[in-house]
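1. Predicted coordinates and the sequence they were generated for:
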Amino acid sequence: MAGAGMRDIKRRIKSVSSTGQITKAMELVASSKLRKARERMETYRPYFKAVSGVVSEILGSNSNINSGYVDGAREIRKTLYIVIAGDKGLCGGFNTNTFKMHAAIEKGKETESIIIPVGLKSVDYFTKRKYNIMKSYQGIGETVTYTECKELSDEIIDLYNKGEIDEVYVVYTQFISMISQQTTSARVLPVSKSDFDANMEKLAVDSESVVGEGDPEWVEAVVFCPDQENFFDLFVPQYVESMIYGGMVESYVSEQGSRRTAMENASDNAKEMIDQLTLFYNRARQAAITQEITEIVSGADALD
């Protein structure tokens, strides 16, 4: 009986050890991808801050700007959500938290929802729940380019100008540090001073990034030609492009950071489980040896 228990423990040790090797390998892969993704994020953030600085200057100096892109210009009936999740699981609560954020925003609205899911997990989630999906993207997190985001932004701007959508949200995960990622959302259309300031703060918070710190010094010296309102209408699409691209870049970095942390924790748990199972095995082995010695002594006493 003891022998059977020992064999079961050895099988479990072997199984957990194999799982630990897999999680360790996944941790190393995530770490490698995270380094590359962070480099891309570091080069993006200064550009975002420059674009945001221009929009901030216009909104701050002209509170009565007359533009179809400004909040209050139209009744909001249809809301477009760009929900950015991952293509794979095993990354902690990364995907689940993204969907919870979308649900929280949608719950407080009475508008019609249109979804652009980004990432296989996002596509599966909204397809199963029969949402109105305008288009979807899979497998682009690691290779997404600004050109691709510009094409999407141009399509969204066109629909907005035609009145087919009235509001646009980007739901993504912001990268704070190697061990901290925060699910958030940004309303990119229509633009309001309060929404804009919140969006800019989210993507320009203190983090492990050392690139692009501080505000662009040249913003105050910008001269708008022919005037701020016309320039604003021309520049808002570029702001939307930067928000979409930024959301995708930040989410991919956050996904790898979350996966690395999850796999590191899984590897540590596997090691602890192996240590505990090894202790159980040694105890069972010692008990089996003691029982055998007892049986031999008892047999010898019976022969006397």
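-> Looks like it arrived, so ask away.
2. Give the buried residues for stretch 265-283.
-> Buried residues in stretch 265-283, counting neighbours by 16 or more other Cβ atoms under 10 Å, are found at 266-267, 270, 273-274, 277, 281. In short, each C-beta sits where N, CA and C put it, glycine included.
3. what's the answer for stretch 43-60, then?
-> Result for stretch 43-60 [16+ other Cβ under 10 Å]: buried residues 44-45, 48-49, 51-59.
4. same check, this time on stretch 153-166
-> 153, 156-157, 159-160, 165-166.
5. Point me to the helix or strand that includes T183.
-> Assessed by DSSP states H and E, T183 sits inside strand 180-189.
6. which neighbours does that strand have in its sheet, and in what orientation?
-> strand 167-177 (antiparallel) (DSSP bridges).
7. re earlier: sitting in helices, which of the buried residues of stretch 43-60 do you find?
-> Among the buried residues of stretch 43-60, the members found in helices (DSSP state H) are 44-45, 48-49, 51-59.
8. Could you export those as CSV, including pLDDT?
-> CSV is the format used below for those (pLDDT from 0 to 100):
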residue, pLDDT
Y44, 80
R45, 79
F48, 76
K49, 75
V51, 76
S52, 72
G53, 71
V54, 73
V55, 73
S56, 70
E57, 69
I58, 72
L59, 69
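9. quick check, nearest of those to G86?
-> Y44 (18.8 Å; Cβ to Cβ).
10. And the closest one, how close does it get to K128?
-> 32 Å (Cβ to Cβ, to the nearest Å).
11. Tell me the helices and strands packed up against whichever strand or helix holds R283.
-> For R283, the host element (DSSP H and E) is helix 228-303. Judged by 3 or more Cβ pairs under 8 Å, 6 or more residues apart in numbering; DSSP states H and E, the packing partners of helix 228-303 are helix 2-61, strand 78-84, helix 94-107, helix 146-162, strand 167-177, strand 180-189, helix 193-203.
12. pLDDT averaged over the strand holding T183, what's the number?
-> Taken as a whole, strand 180-189 has a mean pLDDT of 86.
13. Just the buried positions in that strand, please.
-> Going by 16+ other Cβ under 10 Å, strand 180-189 has these buried residues: 181, 183-189.
14. Tell me the spacing between the nearest residue to S17 once chain neighbours are set aside and D8.
-> In this structure, S17 finds its nearest non-sequential neighbour in I274, 6.0 Å apart by Cβ to Cβ, 6 or more residues apart in numbering. Distance, I274 to D8, by Cβ to Cβ: 15 Å.
15. And for L277?
-> For L277, the distance to D8 - Cβ to Cβ - is 10 Å.
16. Secondary structure class of K109, three-state.
-> Here K109 takes the coil state, with states given by DSSP: H, G, I helix; E, B strand; the rest coil.
17. give me the number of residues near the closest residue to it other than its chain neighbours?
-> Among residues not flanking K109 along the chain, T79 sits closest, at 6.2 Å (Cβ to Cβ, 6+ apart). By the criterion of other Cβ atoms under 10 Å, T79 has 21 neighbours.
18. Repeat that for the one 4 residues further on.
-> Counted with other Cβ under 10 Å, residues neighbouring V83 total 27.
19. Next, count neighbours for the closest residue to it other than its chain neighbours.
-> Nearest residue to V83 in three dimensions, chain neighbours excluded: V171, at 4.6 Å (Cβ to Cβ, 6+ apart). For V171, the neighbour count with other Cβ under 10 Å is 28.
20. Next one: V171 from V249, what distance?
-> Taking Cβ to Cβ, one finds V171 at 15 Å from V249.
21. can you check G72 too?
-> 31 Å.
22. Give me the more crowded residue out of these two.
-> For G72 and V249, the more surrounded residue by other Cβ under 10 Å is V249, and the numbers stand at 27 against 8.
23. mind listing what the more buried one touches?
-> Residues near V249 by Cβ atoms under 8 Å, 6 or more residues apart in numbering: 37, 40-41, 44, 144.
24. So among the residues you listed, where is pLDDT lowest?
-> The minimum pLDDT among the contacts of V249 falls on Y44, with 80.
25. Was I right to think that one contacts I244?
-> No - Y44 lies out of contact with I244 (Cβ atoms under 8 Å); the separation is 11.6 Å.
26. for the stretch 1-150 of the chain, what are the low-confidence residue spans?
-> Scanning the stretch 1-150 of the chain for pLDDT under 70 picks out 1-4, 57, 59-64, 73.
27. for K135, helix, strand, or coil?
-> Going by three-state DSSP: K135 is coil.
28. Skipping adjacent residues, who's closest to it in space?
-> Spatial nearest neighbour of K135, chain neighbours left out: I116 (5.9 Å); criterion: Cβ to Cβ, 6+ apart.
29. mind checking how far the one you found is from H102?
-> 11 Å.
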